[in-house]
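Colleague: My questions concern the predicted model and sequence given below.
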Amino acid sequence: MPKVFYTQPDGSERVIDGTAGDSVMSTAVRNGVPGIVGQCGGSLSCATCHVYLAESDQRHFDPPTEDEDDMLDCTASEREHTSRLSCQLVLCEGIDLHVTVPDEQA
């Protein structure tokens, strides 16, 4: 069972057991993680699930698509080189992920 480590802007961390095939966003919303809203339900039409993906976890994913890249320009918080939309990060068996919720979303 993959785990997702959600770090809040204040440094507190919440670890949630996820399900392979679910997104980091849906796992957060289902478990009430502050700062990840997922207003569009994961249809890649908002940026309310913006997170910073740990550098060490970047290797598990392809780079953002053009659509995701465009949406990342619309985030409420500053975009960084590790910025991703958590609806686009799908959990895989045996891979734990670490994300940080931006200040402006918390």
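Modeller: Nice, I can see it. Because the structure is predicted, anything quoted here is derived from the model rather than measured.
Colleague: Cys92 contacts Ala20, doesn't it?
Modeller: Yes: between Cys92 and Ala20 there is a contact at 5.7 Å, judged by C-beta atoms under 8 Å. (C-beta placed from N, C-alpha, C; glycine too.)
Colleague: Can you pull the residues that touch both of these two?
Modeller: Counting by C-beta atoms under 8 Å, 6 or more residues apart in numbering, the shared contacts of Cys92 and Ala20 are Pro2.
Colleague: ok, the residue nearest the centre of the chain - contacts?
Modeller: For the chain, the residue nearest the mean C-alpha position is Ser86 (2.7 Å; C-alpha atoms, centre = their mean). Contact analysis of Ser86 by C-beta under 8 Å, 6+ apart lists 23-25, 28, 36, 38, 49-51, 99.
Colleague: Out of these, which sit inside strands?
Modeller: Those of the contacts of Ser86 mapping onto strands are 50-51, 99, per DSSP state E.
Colleague: residues touching Asp17, list them.
Modeller: 1-3 are the contacts of Asp17 under C-beta under 8 Å, 6+ apart.
Colleague: Just the buried ones from the residues you listed?
Modeller: Pro2 (16 or more other C-beta atoms under 10 Å).
Colleague: where do the helices sit along this protein?
Modeller: Using DSSP state H, the helices of the chain run over 24-30, 66-72.
Colleague: Just the C-alphas of the last one, formatted as CSV.
Modeller: I take that to be helix 66-72. Taking Å, rounded to 0.1, in the frame of the first residue of the first chain, the C-alpha atoms of helix 66-72 are listed here in CSV:
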residue,chain,number,x,y,z
GLU,A,66,1.3,20.9,-21.7
ASP,A,67,-2.2,21.2,-20.1
GLU,A,68,-0.8,20.7,-16.6
ASP,A,69,2.0,23.1,-17.3
ASP,A,70,-0.5,25.8,-18.4
MET,A,71,-2.6,25.2,-15.2
LEU,A,72,0.5,25.5,-13.0
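Colleague: That helix: which residues count as buried?
Modeller: Neighbour counts using 16+ other C-beta under 10 Å place 68, 71-72 of helix 66-72 among the buried residues.
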